[in-house]
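Enquirer: Pasted the sequence and its predicted model underneath.
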Amino acid sequence: MSKVTYIYARDRKKNIENNTVEAKELYYSFHLFEEDGNDMNIIEYETKHNFINKFLYFYDRILNKFISIPSYSHQLYSNKNKDIIKKSDYVFLVNEGVGFSTLPMIYNLNKISKPKIVLFSMGLLSKNVKKYFSFLHHLFIRYLLNRIDNVIFLGKGEYEIAKKTFNKLEAKFHHLNFSVDTEFWSTTESRKFETNKNILFVGNDSNKDENMVKKIAKLLPDYKFTCISKLPGLKNTNLNNLNVIDGEWNNSSVSDKDLRNYYTSSFLTIIPLKESLQPAGQSVALQSMCSGTPVLITQTDGFWDKEKFENNEHIIFIQSENEYDWKDKILELSNNNSLIEKLSLNSKSNVENNFDLHTFHRKLKTFIDK
């Protein structure tokens with residue numbers, strides 16, 4: 001039995017302790033490590049008011065504002081948390097923000113007794129950095145990479161760039177497809193493939209192009225657009241056919257079960273994106289496809305696995321930044337029930353076969369035990 005510690009940003013700990021978890025993908029294999037019989041611990045951001053944390057607050061502000069390093073160490077640092085980390089066999093940092101925030105606690109760990117530290121990355125190399133601070137930004141990334149044992153890149157594009165940029169550290173790098181809780185998102189009820197006019201947009205990622213959503217909705221007044229998002233560009237839209245639900249992950253106003261119902265009642269999920277190496281839209285796309293709802297998405301360099309998704313077979317890619325091309329593609333799909341049925345069945349099967357949590361867990365264990 002190993003001592004396994006997960007460091008999350010927020011909201012996971014209470015859900016696990018209260019047994020209120022619905023879909024499990026954003027816990028990054030926590031439950032499966034627990035099922036394996038490991039001793040599990042959770043550390044999360046929380047407000048702290050002592051002198052060290054007040055000092056770290058200013059340190060974090062400098063990193064965030066000037067160097068584009070997402071650091072919130074003032075919400076993590078404590079002697080208690082340092083002790084938990086030291087006594088762990090494995091420590092999982094669930095994103096790059098958590099990684100940078102943990103640095104003040106792991107920079108001087110004893111190399112002999114140090115736990116294996118694993119970072120999940122979904123945008124480590126995709127931050128917009130002012131030119132004159134790019135050297136420091138790069139230096140902080142290298143510093144983080146030198147103090148962890150494995151980096152699990154959840155997007156293939158970023159993984160390939162990392163190998164070229166930090167070639168001496170390549171042995172630490174692994175690509176592992178982000179996966180979803182197929183047991184939760186997959187529905188057993190038979191799907192009607194006569195297309196309705198409900199279109200869904202989900203998410204708060206800054207790489208999602210909410211302005212494109214508004215432009216598309218304006219061009220298609222006969223279609224009903226539902227947006228589950230807190231993105232500021234969707235506020236005060238004055239469009240009768242665009243309903244904005246102020247929601248985010250773990251927001252009680254939209255549960256995972258509610259979201260699943262939104263997927264299954266829509267004929268299409270749209271994911272307009274800005275160009276980025278970050279695998280933006282990944283979780284939403286996989287959830288939607290697993291529920292049987294096809295996805296229309298911008299093709300970016302950060303798309304997570306181009307080899308496993310064939311255009312017009314499992315997904316619909318669009319390369320245009322012109323809203324009229326999006327409109328035409330939606331109308332084309334709306335008038336082609338057989339294509340919608342094929343996409344629905346193929347994409348659902350693809351996700352269930354290649355992007356499920358058990359496959360993710362098995363591969364993760366092979367990487368960290370090397």
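Expert: All right, it came through fine.

Enquirer: where does this structure dip in pLDDT?
Expert: For the chain, the stretches with pLDDT under 70 are 110-113, 188-191, 193-194, 247-252, 370.

Enquirer: mind giving me the domain split of it?
Expert: 3-179+356-368, 182-354 (automatic domain parsing).

Enquirer: Need the ones you listed in TSV (columns: mean neighbour count).
Expert: Where C-beta positions appear, they are placed from N, C-alpha and C, glycine not excepted. TSV is the format used below for the domains of the chain (neighbours: other Cβ atoms under 10 Å):
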stretch	mean neighbour count
domain 3-179+356-368	17
domain 182-354	18
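
Enquirer: who's in contact with Asn108?
Expert: Not one residue lies near Asn108 by Cβ atoms under 8 Å, 6 or more residues apart in numbering.

Enquirer: Mind checking what secondary structure it has?
Expert: Three-state call for Asn108 (DSSP: H, G, I helix; E, B strand; the rest coil): coil.

Enquirer: now the strands: where do they sit in the stretch 151-300 of the chain?
Expert: Counting by DSSP state E, counting those that start in this stretch, one finds strands in the stretch 151-300 of the chain at the ranges 173-175, 198-202, 224-228, 242-245, 268-271, 295-298.

Enquirer: could you dump those strands to CSV with distance to Asn167?
Expert: Formatted as CSV, those follow (distance: least, Cβ to Cβ, whole Å):
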stretch, distance to Asn167
strand 173-175, 10
strand 198-202, 37
strand 224-228, 41
strand 242-245, 45
strand 268-271, 32
strand 295-298, 30
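
Enquirer: between those strands, which one is nearest to Lys3?
Expert: Evaluated over the strands of the stretch 151-300 of the chain, closeness to Lys3 peaks at strand 173-175, with 22.1 Å, by Cβ to Cβ.

Enquirer: Look at stretch 178-195 and report the distance between its end residues.
Expert: 29 Å (Cα to Cα, to the nearest Å).

Enquirer: what do you get for stretch 265-276?
Expert: End-to-end for stretch 265-276, by Cα to Cα: 30 Å.

Enquirer: Likewise for stretch 140-156?
Expert: End-to-end distance of stretch 140-156 (Cα to Cα): 22 Å.

Enquirer: hang on, isn't Asn354 packed against Glu307?
Expert: No: if you go by Cβ atoms under 8 Å, Asn354 and Glu307 don't touch, sitting 10.1 Å apart.

Enquirer: can you give me the strands in the stretch 1-150 of the chain?
Expert: For the stretch 1-150 of the chain, the strands defined by DSSP E, counting those that start in this stretch cover 3-8, 39-44, 90-93, 116-121, 150-153.

Enquirer: Would you mind giving those strands as JSON lines with distance to Lys80 added?
Expert: Output for those, formatted as JSON lines (distance: least, Cβ to Cβ, whole Å):
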{"stretch": "strand 3-8", "distance to Lys80": "12"}
{"stretch": "strand 39-44", "distance to Lys80": "9"}
{"stretch": "strand 90-93", "distance to Lys80": "15"}
{"stretch": "strand 116-121", "distance to Lys80": "18"}
{"stretch": "strand 150-153", "distance to Lys80": "25"}
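
Enquirer: Among these, which comes closest to Gly233?
Expert: Among the strands of the stretch 1-150 of the chain, strand 116-121 sits nearest to Gly233 (Cβ to Cβ), with 26.4 Å.
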